[in-house]
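Trainee: below is the structure, and that's it, no one-letter string:
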């Protein structure tokens, strides 16, 4: 499927999980920009890069990285994926109005997607969950250090490895309670206004209940894709 899909929703809504499921179903690429940025800022090769180290400090606090820097690296990668013929799925990004729409000097991600895929082939989903579920999911989440799969757990679970690939599970720095509060605040202040901007450009935001188990949410999304 050569389309561009963007999945929005608050932290813990399951955006990455659904993006992975859609990608596997239709042979698309899940471009997890959060993971991509984390890889860039934590890459030992970039230890001496002052700009990247500045962004690493911002990233580790749970705040959104500098929009102009994010736009630059994400825009470049998006073009590469499109030119290679892949459909692409974004989970929770672009995260700011500037990254989404750009300005007079910088083309935003939406402009790039419209050029590469056509406006009619851009689909927008919003996963709805209440704040209590969002907090619970982020508190009880670990990430596979190998394949990146998000695993929900409770205090009685003894799982130390990923059930899919056997990789070691780890807690993300951005999922600790203090950082998570910052993420929620950043989401409300910066990301939610994007939805209004997209509607003004004529895009329909497809709302999906994000509370059920992942396979049920996925089934709801598939109905919208048919």
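Mentor: Yes, it's here. From a predicted model like this one, the values you see are computed outputs, not experimental measurements.

Trainee: what's the pLDDT at the nearest residue to residue 146 once chain neighbours are set aside?
Mentor: Counting by CB to CB, 6 or more residues apart in numbering, residue 167 is the residue found nearest to residue 146 once chain neighbours are left out, at 2.9 Å. In this view, the C-beta of every residue, glycine as well, is placed from N, C-alpha and C. Note for residue 167: predicted pLDDT of 88.

Trainee: can you check residue 12 too?
Mentor: Looking at residue 12, the pLDDT reads 82.

Trainee: mind giving me the packing neighbours of the longest helix belonging to the chain?
Mentor: Assignment by DSSP state H gives helix 67-83 as the longest helix of the chain. When contacts are defined as 3 or more CB pairs under 8 Å, 6 or more residues apart in numbering; DSSP states H and E, helix 67-83 sits against strand 29-31, helix 33-42, strand 88-91, helix 97-101, helix 109-117.

Trainee: where's the residue nearest the centre of the chain relative to residue 104, distance?
Mentor: When CA atoms, centre = their mean is applied to the chain, the residue found nearest the centroid is residue 91 (2.9 Å). According to CB to CB, to the nearest Å, residue 91 and residue 104 sit 29 Å apart.

Trainee: show me where this protein has strands.
Mentor: 4-8, 29-31, 88-91, 122-128, 141-144, 150-152, 169-170, 205-209 (DSSP state E).

Trainee: who does the fourth one touch, helix- and strand-wise?
Mentor: Counting by 3+ CB pairs under 8 Å, 6+ apart, the packing neighbours recorded for strand 122-128 are strand 4-8, helix 15-26, helix 109-117, strand 205-209, helix 214-225.
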